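Enquirer: Fold the following and give me the result.
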Amino acid sequence: LLRHYQVQTLAQSRTSQVESLILDSLNQKAVRISSMADFMQLDETTLRELTARDGDIDAVFILQKNRLIFPDESKPLTKKEQAWVQTITPIVNDPTMLYSHSFVGEQQGVPNSGWFIANETSEPIFLYWIVKGDNVLGFKVSYIKLISDIINALEFDFSPDILAVKDNEKLLYQSNGVEPDDCPKLIYSKRLPYPLTTWQID
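Expert: Next up is the predicted model:
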């Protein structure tokens, strides 16, 4: 029993380490985006350059009083922009979707920034949104880059134990090359908080 308790405690401690690293990576992206939003111009040229040159950001939208002003549908849009407009149409129609998950009580008020995730598509859509004056700015964070940054930061060696990070049961990272069928029994497992609720650390 004592041995079992020690193994469990160690597994929990290691899981907390990994969880902190993953959530810190996510938080760093949020801080970086917030800093950019404070100083950037909100004209079409700047926003298009941002998505073309910044590996972290795949797309941007701006809502002004519940109206989409970027991308501007009254002007010719690329196929990528058209697909993006289609993706965010539910948010344009109901911007409260962005923060509805974070409401615990009415006294909290409406947050000024946060994460929003949609899992309806083949690849999850990670959005970081910020209220800036009358505008709501939304930045689609590259899911591939996010995973890449997190995996590159996971340098834990818990041998002989194995660390695995999954998204919807899809293996994102494993700490050594043991085949899944050869894996010993699961010692501890934890799901991550929003917006990574589909992620699990084993």
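Enquirer: C-alpha only now, for contacts and for neighbours.
Expert: Will do.
Enquirer: Just give me the residue right at the centre of this structure.
Expert: Centroid-nearest residue in the chain: Phe126, 4.5 Å away (criterion: CA atoms, centre = their mean).
Enquirer: Excluding chain neighbours, what is closest to that residue?
Expert: Nearest residue to Phe126, sequence neighbours excluded (CA to CA, 6 or more residues apart in numbering): Ile117, at 4.8 Å.
Enquirer: picking up where we left off before, and the residue nearest to the centre of the chain, what is it in contact with?
Expert: When contacts are counted by CA atoms under 8 Å, 6 or more residues apart in numbering, Phe126 touches 115-118, 140-143.
Enquirer: picking up where we left off before, where's the residue nearest to Phe126 relative to Leu196, distance?
Expert: Distance of Ile117 to Leu196, computed by CA to CA, to the nearest Å: 8 Å.
Enquirer: How about Phe139?
Expert: Look at Phe139 and Leu196: by CA to CA, they are 17 Å apart.
Enquirer: Compare the two and say which one has the larger neighbour count.
Expert: Legend: neighbour count by other CA atoms under 10 Å for Phe139 and Leu196, higher for Phe139 (23 against 16).
Enquirer: what does the host helix or strand of the residue nearest to Phe126 contact?
Expert: Assigning secondary structure by DSSP states H and E places Ile117 in strand 113-118. Residues outside strand 113-118 that contact it (CA under 8 Å, 6+ apart): 98-99, 124-131, 195.
Enquirer: packing partners for the host helix or strand of Ile147?
Expert: Using DSSP H and E, Ile147 sits in helix 143-153. Using 3 or more CA pairs under 8 Å, 6 or more residues apart in numbering; DSSP states H and E, the elements in contact with helix 143-153 are helix 2-39, strand 170-174.
Enquirer: With respect to Glu155, which of those lies nearest?
Expert: Nearest of the helices and strands packed on helix 143-153 to Glu155, taken as CA to CA: helix 2-39 at 9.6 Å.
Enquirer: List the buried residues for that closest one?
Expert: Within helix 2-39, the residues that qualify as buried are 11-12, 14-15, 18-19, 22-23, 25-26, 29-30, 33-34, 37, counting by 16 or more other CA atoms under 10 Å.
Enquirer: Output the contacting helices and strands for the helix or strand where Glu49 lies.
Expert: Using DSSP H and E, Glu49 maps to helix 44-53. Counting by 3+ CA pairs under 8 Å, 6+ apart, the packing neighbours recorded for helix 44-53 are strand 57-64.
Enquirer: hmm, back to that, can you name the next helix or strand after the strand holding Ile117?
Expert: strand 125-132.
Enquirer: partners of that next one in the sheet?
Expert: In the sheet containing strand 125-132, its partner strands are strand 113-118 (antiparallel), strand 135-141 (antiparallel), by DSSP bridges.
Enquirer: got the CA positions of the shortest one in PDB?
Expert: In PDB, the C-alpha atoms belonging to strand 113-118 read as follows (Å, rounded to 0.1, in the frame of the first residue of the first chain):
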ATOM      1  CA  SER A 113     -10.000  38.700 -23.200                       C
ATOM      2  CA  GLY A 114      -9.700  34.900 -23.300                       C
ATOM      3  CA  TRP A 115      -9.500  31.700 -25.200                       C
ATOM      4  CA  PHE A 116     -12.200  30.200 -27.300                       C
ATOM      5  CA  ILE A 117     -12.000  26.700 -28.900                       C
ATOM      6  CA  ALA A 118     -14.200  25.000 -31.400                       C
END
